[in-house]
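Asker: sequence first, then the predicted structure, then my questions.
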Amino acid sequence: MATTVPVLPVYYGDPMPAPEAVLLDVGGIFHLPSHDRIVAAFARAEVTVTADLLDRAHYAGAAEFVVGDLEPDWKTRWRAYLDGYITACGVGDDPSIREEVHTHLDSEFAVGDLWSRIIPGSVDGLRALVDTGVHVGVISNADGTVAERLAAQEGLQVGPGLGVNIECLIDSGVVGVSKPDPKIFRIALDAIGVEAEAAWYVGDMPGIDVVGARAAGLRPILMDTFGFNEGADFDRVKSLADVAEMVLSAR
């Protein structure tokens, strides 16, 4: 049975100065794909997969979306993500089986509300991060509905509500620009009134989140829950609680 790697957080390079703001992704940080729907997609390809493999599979796939430039070959990178995902779910090398799984997973991932499973502990970790006193916001490549979905799940919202109160939520589907374009990071920084060099960004895909944050001047931190990015040249954590501890330690 898969286990996490208990070696995080991992710091790379110079010690981190305390940030004024921490900005967060949604996918891989708060949301993961619905287990039921992914299991059903595999079943349509006549492959049986158990739900306990799926969260790990996401991070395995994300690690294959490697650091590159600001204009990635999305088709190639997405296929690499799905290849890593499928392999982590135990699918072997038979090309016809893998292609069938690819087809059904690709179709399922194209449906906007697939990312609906709240990651256990993520809301508590967010609350701990907000309690450190830093400015906290969200930047997500999404479809324009992520704010509504997170608020409905009582996870987070901008302003008072049933979830954790954050300061901004930038959805690419609303603002018309997506990561890794540095413009979307600048929109969030302007919203909270913080300079890029005083901000951290926590995401889950090296080729999107690390690349984009660096281009915008923020310090990237990768959510590497299962330790798939050992030796990488960026900081890594396994939970938002780790990020809160990093903020406090930097002070």
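Answerer: Received it, and whenever you're ready, just let me know what you need. Residues are numbered from 1 along each chain as shown.

Asker: number of residues surrounding Pro160?
Answerer: Residues within reach of Pro160, counting by other CB atoms under 10 Å, total 7. Backbone N, C-alpha and C define where each C-beta goes, glycine included.

Asker: Ile38 too?
Answerer: Counted with other CB under 10 Å, Ile38 comes out at 25.

Asker: name the nearest residue to it, ignoring sequence neighbours.
Answerer: In space, Ile38 comes closest to Leu54 once its chain neighbours are excluded; the distance is 5.4 Å by CB to CB, 6 or more residues apart in numbering.

Asker: need the residues that contact stretch 160-173.
Answerer: Residues external to stretch 160-173 that are found in contact with it (CB atoms under 8 Å, 6 or more residues apart in numbering): 123, 126-127, 130, 135-147, 150-151, 153-159, 178-179, 184, 187-188, 191-192.

Asker: from Tyr85, how far out is the nearest residue to Glu46 once chain neighbours are set aside?
Answerer: Nearest in space to Glu46, with sequence neighbours left out and distances taken as CB to CB, 6+ apart, is Glu100 at 7.3 Å. Glu100 sits 14 Å away from Tyr85, going by CB to CB, to the nearest Å.

Asker: hang on, the earlier thing: in terms of contact, does the residue nearest to Glu46 touch Ala41 like I think?
Answerer: No - contact criterion CB atoms under 8 Å: Glu100 and Ala41 do not qualify, at 10.5 Å.

Asker: which of those two has more neighbours?
Answerer: Ala41 (22 against 17).

Asker: let me know the pLDDT of the more buried one.
Answerer: pLDDT, Ala41: 97.

Asker: Arg79 too?
Answerer: Arg79 carries a pLDDT value of 94.

Asker: low-confidence ranges in this structure?
Answerer: Low-confidence segments of the chain (pLDDT under 70): 1-15.

Asker: can you show me the helices along it?
Answerer: Taking DSSP state H as the test, the helices found in the chain are 35-44, 54-64, 74-88, 95-109, 122-131, 146-152, 172-175, 182-192, 211-216, 240-250.

Asker: which of the ones you listed sits closest to Gly203?
Answerer: Among the helices of the chain, helix 211-216 comes nearest to Gly203, with 7.0 Å by CB to CB.

Asker: closest one to Glu20 among the helices of the chain?
Answerer: Nearest to Glu20, of the helices of the chain and by CB to CB, is helix 182-192 at 8.6 Å.

Asker: can you pull the alpha-carbon coordinates of that closest one into PDB?
Answerer: Taking C-alpha atoms only, helix 182-192 is exported to PDB below (Å, rounded to 0.1, in the frame of the first residue of the first chain):
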ATOM      1  CA  PRO A 182       2.900  35.900 -15.000                       C
ATOM      2  CA  LYS A 183      -0.100  38.300 -15.600                       C
ATOM      3  CA  ILE A 184      -2.400  36.200 -13.500                       C
ATOM      4  CA  PHE A 185       0.000  36.300 -10.600                       C
ATOM      5  CA  ARG A 186       0.200  40.100 -10.900                       C
ATOM      6  CA  ILE A 187      -3.600  40.400 -10.800                       C
ATOM      7  CA  ALA A 188      -3.600  38.600  -7.500                       C
ATOM      8  CA  LEU A 189      -0.700  40.600  -6.100                       C
ATOM      9  CA  ASP A 190      -2.400  43.900  -7.100                       C
ATOM     10  CA  ALA A 191      -5.600  42.700  -5.400                       C
ATOM     11  CA  ILE A 192      -3.800  42.200  -2.000                       C
END
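
Asker: name the helices or strands packed onto that helix?
Answerer: Helices and strands touching helix 182-192, by 3 or more CB pairs under 8 Å, 6 or more residues apart in numbering; DSSP states H and E, are strand 21-24, strand 135-140, strand 168-171, helix 172-175, helix 211-216.
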